[in-house]
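Engineer: Pasting the sequence and the predicted coordinates here, then a few questions.
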Amino acid sequence: MVTVTEKIKVKSFSVTFDGEPALKNVNFSVKEKEILGIIGPANSGKTTFLRTLNRLNDLNPRYQHSGELLIDGKDIYQKWDLFELRKKIGMVFALPTPLPISIFDNLAYGPRRHGIGNRRQLREIVERSLKSAFLWDEVKDRLNESAMKLSGGQQQRLCIARTIALEPEVILFDEPCSGLDPISTAKIEEAMQEFKKRYTLVLVTNNTKQAARVSDRVAFFLMGELVEIDQTQKIFTVPKDKRTEGYVSGRYG
Amino acid sequence: MRFLNPKVEEKIVFLSLFLSTLVIVAPVILVIGIIVSRGLSVISWQFLTTMPRMGMRAGGIFPAIVGTVYLVGGTLLFALPVGIFSAIYLSEYSKRNWLTRLIELAIVNLAGVPSVVYGLFGLGLFVVFLRLGASILAGSLTLAVMVLPVIITASREALQSVPKSFREVSYSLGATRWQTIRHAVLPHALPGILTGTVLSISRAAGETAPILFTVAAFYLPRLPNSIFDQAMALPYHLYVLSTQVPNVRIELQYGTALVLVGLIVITNLFAAVIRSYFRVRKQW
């Protein structure tokens, strides 16, 4: 037996926007090197939770929180340096978000901001990250072309590679395949299985089938509450809560 | 119930829209046409590069051209950094509260203040109070104060047109606020900032009122010695030629106007080129 440590721990965590509750007293944890799928209908708080993990919600002046959120046992608001936290916690957004610069510069964006200026070192990082995201073969001859010329699926893999370039410990996926075709989706899901060996993954998805295919465990959010969290198989076959059962069988949401 | 056949209606609408546009374009073409046709004959290398003689009734307009170039350069030097920095502050750093709204309101209103008011303000502050005297420095500062609201407004709009996702990507990669602005926002806002700046500068080049009391020399047939010196400038020279000096050949006035309009058209073309060059490359 391998001892599994808790990578992320959420303790009675609540979020409000202008006083409107978005997350209500949530408690759970994410284990190291697992894929946690988060499912739930619109406005259930999934994305809010994800954007709290790397403190991107801090940019919203209406955001307020209470409770504790620990990563590696350290409170993200008290003990973590903000920029170190965001380096360690990578994020892939719902829509592909390449910057309108070259493929190479997109990949090098993170490392450069963290002080890596050496061209050869950057080349190594770029190559390694693109290979991890299964994109290297498609773009190795045109690294200096604009990233905007890539297809949607390639752009999304570029964004994944860009996150990996920083060697994070956790990667947050916010509906990463919502705008992609099935083949691109399959490539990204394949990549996730590889990433699991090295990183802890949190995957927010509107596609319950994707959560079933990819995740080790699944959490079901509804109206800002965590209804249930369990092994993927249990959530989809013998959920404890009626609301979970209703959602995964497609009866509402 | 319909009063008009839709096809007739379509024609009427099209015609009124087209005619309105014509009404705007016609005077521009007319003005430029007259200036070119009557002024072109005096334009020569000598006209552009020699000093005026005989109380401006003969010779060239070299010092006025140089004066205007100095003033435009000085204006840029002061207005560009201050304008861009405050636009960055207002767009990226400041919180939205009553104070920033007040500042925004002030900027919008400043843009509407008549230029003669800026001229008197410059006279009071720079020429008299700060004892810069009538000088290129005082004139540039006055023009800079005048174009600042325009530069700030254009720069803010350019900054805010950069998609929010660029900022989020940069932050999510652990960049600091300044790194994000410097590497993910500013490069993509720069074309808009430059276009706005160039257009405002070309306005400054053609203004008479702000330089009237702060720098412009009536008749100074030599080049300025330093930034504390007075200087001739094209718009004021044109005003003087047309109203203050008797018996000036009409061609000289048109020639001077042609040079001034030419300078401004070239600057504006430059702005248009920047904009179209970047529009091709802009892909979001």
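Structural biologist: Looks like it arrived, so ask away. Residues are numbered from 1 along each chain as shown, chains lettered A, B, ... in the order given.
Engineer: which residues in the stretch 151-284 of chain B form strands?
Structural biologist: Taking DSSP state E, counting those that start in this stretch, the stretch 151-284 of chain B contains no strands at all.
Engineer: So which bits of it are right by chain A?
Structural biologist: When proximity is defined as CB under 8 Å from any CB of the partner chain, the stretch 151-284 of chain B approaches chain A at B:165-176, B:179, B:183-184, B:187-188, B:281-284. (Glycine included, C-beta is placed from N, CA and C.)
Engineer: neighbouring strands for the least confident helix or strand in chain B by mean pLDDT, and are they parallel or not?
Structural biologist: In chain B, the helix or strand scored least confidently by mean pLDDT, DSSP states H and E is strand B:58-59, which has a mean of 80. Its sheet considered, strand B:58-59 pairs with strand B:52-53 (antiparallel) by DSSP bridges.
Engineer: now the strand it pairs with: mean pLDDT?
Structural biologist: For strand B:52-53, mean pLDDT rounds to 82.
Engineer: Backbone dihedrals for residue B:71, please?
Structural biologist: Dihedral angles of residue B:71 (phi, psi; degrees, to the nearest 10) stand at phi -60, psi -40.
Engineer: er, residue A:43 actually
Structural biologist: phi 60, psi 30.
Engineer: just checking, it touches residue A:223?
Structural biologist: Yes. Residue A:43 sits in contact with residue A:223 when judged by CB atoms under 8 Å, with a separation of 7.1 Å.
Engineer: ok, residues contacting the least confident helix or strand of chain B?
Structural biologist: Identification of contacts with strand B:58-59 by CB atoms under 8 Å, 6 or more residues apart in numbering or on different chains yields B:50, B:51, B:52, B:53, B:221.
Engineer: Which pLDDT value goes with the residue lying closest to the first one once chain neighbours are set aside?
Structural biologist: Here the nearest residue to residue B:50 in space, its sequence neighbours aside, is residue B:60; by CB to CB, 6 or more residues apart in numbering or on different chains that works out to 3.6 Å. Among the per-residue scores, residue B:60 holds a pLDDT of 83.
Engineer: and residue B:60, how many neighbours does it have?
Structural biologist: Neighbour count of residue B:60, defined by other CB atoms under 10 Å in any protein chain shown: 23.
Engineer: Please, which helix or strand holds residue B:29?
Structural biologist: helix B:6-39 (DSSP states H and E).
Engineer: and the next element down the chain from that helix?
Structural biologist: helix B:45-49.
Engineer: Tell me how far the residue nearest in space to the middle of chain A lies from chain B.
Structural biologist: Averaging the C-alpha coordinates of chain A gives a centre point, and the residue nearest to it by CA atoms, centre = their mean is residue A:172 (1.3 Å). Distance from residue A:172 to chain B, counting by CB to the nearest CB, to the nearest Å: 9 Å.
Engineer: That residue reaches residue A:92, doesn't it?
Structural biologist: Yes. If you go by CB under 8 Å, residue A:172 and residue A:92 touch, sitting 7.0 Å apart.
Engineer: residue ranges with poor pLDDT in the stretch 101-250 of chain A?
Structural biologist: Nowhere does the stretch 101-250 of chain A drop to pLDDT under 70.
Engineer: Up against chain B, what does it have?
Structural biologist: Going by CB under 8 Å from any CB, the residues of the stretch 101-250 of chain A near chain B are A:101, A:109, A:110, A:112, A:113, A:114, A:146, A:148, A:159, A:162, A:163, A:166.
Engineer: For the residues you listed, which two are the farthest from each other?
Structural biologist: A:114 and A:148 (24.5 Å; CB to CB).
Engineer: Walking through the stretch 51-200 of chain B, point out its helices one by one.
Structural biologist: Along the stretch 51-200 of chain B, counting by DSSP state H, counting those that start in this stretch, helices occupy B:62-88, B:98-110, B:115-122, B:136-160, B:164-172, B:177-180, B:186-206.
Engineer: Name the stretch among those that sits most buried.
Structural biologist: Stretch with highest mean neighbour count among the helices of the stretch 51-200 of chain B: helix B:136-160 (a mean of 24; mean count of other CB atoms under 10 Å in any protein chain shown).
Engineer: next one: phi and psi at the residue nearest to residue B:50?
Structural biologist: Backbone geometry at residue B:60, expressed as degrees, to the nearest 10, gives phi -110, psi -170.
Engineer: Could you pull up the contacting residues of it?
Structural biologist: For residue B:60, the contacting residues are B:46, B:47, B:48, B:49, B:50, B:51, B:52, by CB under 8 Å, 6+ apart.
Engineer: now swap in residue B:191 and tell me
Structural biologist: Contact partners of residue B:191, counting by CB under 8 Å, 6+ apart, are B:158, B:274, B:275, B:277, B:278, B:279, B:282.
Engineer: now do 6 Å
Structural biologist: Taking CB atoms under 6 Å, 6 or more residues apart in numbering or on different chains, we find residue B:191 in contact with B:274, B:278.
Engineer: confidence score at it?
Structural biologist: For residue B:191, the model assigns a pLDDT of 88.
Engineer: From chain A, how far out is it?
Structural biologist: The gap separating residue B:191 from chain A is 12 Å, by CB to the nearest CB.
Engineer: In contact with the residue nearest to the centre of chain A, which residues?
Structural biologist: A:50, A:53, A:91, A:202.
Engineer: The same query, at a cut-off of 8 Å, please.
Structural biologist: Residue A:172 neighbours (CB under 8 Å, 6+ apart): A:50, A:53, A:54, A:89, A:90, A:91, A:92, A:201, A:202, A:204.
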